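Novice: this one's structure only:
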Ligand code: SF4
Ligand code: SF4
């Protein structure tokens, strides 16, 4: 398992940002992506600003930003970009890079997604209790479960989640698909 460390973004700038920058060279800074993004008001940099920072090689600000973590992959900016740029894929590339480099700001998101996918892989669907239990263990912060307690109780009362363990087989057929994706990723 990779040791947690606070990667200094400038150490990784060219290796990581170069291919993303290459895809965005035709950006004309029109701001359509920002105007299209429903999450832009929650982001510290708007999508247009983030692409500007990527283009100018400002890696430190890019990877300290919460912008790509808050992208919900709705593809609206991609559909509307007048230059036809692969913006959602670029957001994905930043997420992958931040997870790979164990960037501190992105660590909670990476653990959240990892726990979610792990549960889907094992059961063919998300098992909410198992998913959150794994996430809480990975986060090693007792304050986080407390924050989720009111939501958990509401869901339990409405019968949306169960406290009983999932009885599905430990290896779901979906696991084969995950393994295949891993093989394809390694072969790249
Ligand atoms: S919509 Fe496309 S061209 Fe316009 S700022 Fe965003 S990325 Fe650049
Ligand atoms: S794909 Fe991401 S950045 Fe683009 S509009 Fe949707 S949430 Fe915003």
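Specialist: Perfect, I can see it now. Keep in mind it's a predicted model, so treat the numbers as computed, not measured. Ligands and ions are numbered 1, 2, ... in the order given.
Novice: in contact with residue 144, which residues?
Specialist: By Cβ atoms under 8 Å, 6 or more residues apart in numbering, the contact set of residue 144 is 135-136. Heads up, the C-betas are built off the backbone N, CA and C, glycines and all.
Novice: what stretches of this structure score poorly on pLDDT?
Specialist: When residues are selected by pLDDT under 70, those of the chain lie in 1-14, 165-171.
Novice: near ligand 2, which residues of it are found?
Specialist: The chain comes close to ligand 2 at residues 36-37, 39, 47, 71-77, 87-88, 91, as judged by Cβ under 6 Å from any ligand atom.
Novice: filter those residues down to the ones near ligand 1?
Specialist: With respect to ligand 1, and counting by Cβ under 6 Å from any ligand atom, the subset of the residues of the chain next to ligand 2 in contact is residue 87.
Novice: top of the residues of the chain next to ligand 2 by neighbour count?
Specialist: Using other Cβ atoms under 10 Å as the neighbour criterion, residue 87 leads the residues of the chain next to ligand 2 with 27 neighbours.
Novice: circling back to that earlier point, now, the residues of the chain next to ligand 2 that are in helices?
Specialist: Secondary structure from DSSP state H places 36, 47, 76-77, 87-88, 91 of those in helices.
Novice: let's have those in CSV, adding distance to residue 147.
Specialist: What follows is these, written out as CSV (distance: Cβ to Cβ, whole Å):
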residue, distance to residue 147
36, 31
47, 28
76, 30
77, 30
87, 32
88, 29
91, 26
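Novice: re earlier: mind putting the residues of the chain next to ligand 2 in TSV, distance to residue 97 included?
Specialist: Putting the residues of the chain next to ligand 2 into TSV (distance: Cβ to Cβ, whole Å) gives the following:
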residue	distance to residue 97
36	23
37	20
39	20
47	17
71	14
72	18
73	16
74	21
75	20
76	23
77	19
87	16
88	15
91	11
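Novice: nearest to residue 179, of the residues of the chain next to ligand 2?
Specialist: residue 73 (23.3 Å; Cβ to Cβ).
Novice: wait, the closest one touches residue 94, no?
Specialist: No - judged on Cβ atoms under 8 Å, residue 73 makes no contact with residue 94 at a distance of 11.9 Å.
Novice: helices of this protein, start to end?
Specialist: In the chain, the segments counted as helices under DSSP H are 13-24, 32-36, 47-55, 59-64, 76-80, 87-100, 107-123, 128-139, 143-157, 174-187.
Novice: many thanks, we can stop here.
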